[in-house]
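Enquirer: Requesting a structural model of the entry that follows:
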Amino acid sequence: MISAAFSSGLRSAVRLLWREPSFSASLIFTLALAIGASSAVFSFANTLLLKPFPFHEPDRLFEIYSVKGGEPGKISMAEVEEMRRGMTSVEAIAAHTGSAGGYNYSGEGRPEEWKAILCTGNLFTVLGVPLEMGSLWPEDMDRNRGFRVILSYGV
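Expert: Predicted coordinates:
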């Protein structure tokens, strides 16, 4: 009984859409817009709220930043070392720049721009991110600006 009524209603809806092409086009456009908007909102919510951060125990991480004269400022390596000595309730402190710009790499083929940040040697340990190969550098190289390179294949 229900299937016959549903079938009849579906046939009349298809006939109406066929007779009114402008209504059909606006209906299809509205549906596409609604599906796209809800997909974008879900992607945003999934990235920020649902998917866990790719770090070990992300709920134990926090950011320390500087404000000098009402403007965001930089924290020097001496200040980072002072925080490491003075903040006994914190397990570890690592430092990084938001961005150190880009570097051009050219070998075989077209040159590529590689993004870079500067960080202390213990950043990956603090974040709980293992290295695929190679090793980190000792803490004294942070103070001496003994730069090392870590390549990432991720974004």
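
Enquirer: Next one, pLDDT for residue 50 please.
Expert: According to the prediction, residue 50 has pLDDT 79.

Enquirer: How much space separates it from residue 56?
Expert: Residue 50 sits 19 Å away from residue 56, going by Cβ to Cβ, to the nearest Å. The way it works is simple: take the backbone N, C-alpha and C, and place the C-beta from them, glycine included.

Enquirer: So between the two, which is more surrounded?
Expert: residue 56 (13 against 8; other Cβ atoms under 10 Å).

Enquirer: who's in contact with the closest residue in space to the more buried one that isn't next to it in sequence?
Expert: Of all residues not flanking residue 56 in the chain, residue 128 sits nearest, at 2.4 Å (Cβ to Cβ, 6 or more residues apart in numbering). The contact partners of residue 128, by Cβ atoms under 8 Å, 6 or more residues apart in numbering, come to 55, 56, 57.

Enquirer: just these now: which is nearest residue 108?
Expert: residue 55 (34.8 Å; Cβ to Cβ).

Enquirer: Just give me the neighbour total for that closest one.
Expert: 14.

Enquirer: Check the spacing between it and residue 44 real quick.
Expert: In terms of Cβ to Cβ, residue 55 sits 20 Å off from residue 44.

Enquirer: what do you get for residue 131?
Expert: Counting by Cβ to Cβ, the gap from residue 131 to residue 44 is 31 Å.

Enquirer: Bridged to residue 115, which residues?
Expert: Beta-bridge partners for residue 115, by DSSP bridges, are residue 102.

Enquirer: Begin at 58 from now on, thanks
Expert: OK, 58 is where the count begins now, so the last one is residue 172.

Enquirer: which residues touch it?
Expert: 156, 158, 159.

Enquirer: Serialize those to TSV and add fields for distance to residue 201, neighbour count and pLDDT.
Expert: Below are the contacts of residue 172 laid out as TSV (distance: Cβ to Cβ, whole Å; neighbours: other Cβ atoms under 10 Å; pLDDT from 0 to 100):
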residue	distance to residue 201	neighbour count	pLDDT
156	22	10	73
158	22	11	74
159	25	11	79
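
Enquirer: and the residues you listed as TSV, adding distance to residue 73?
Expert: Below are those laid out as TSV (distance: Cβ to Cβ, whole Å):
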residue	distance to residue 73
156	56
158	60
159	57
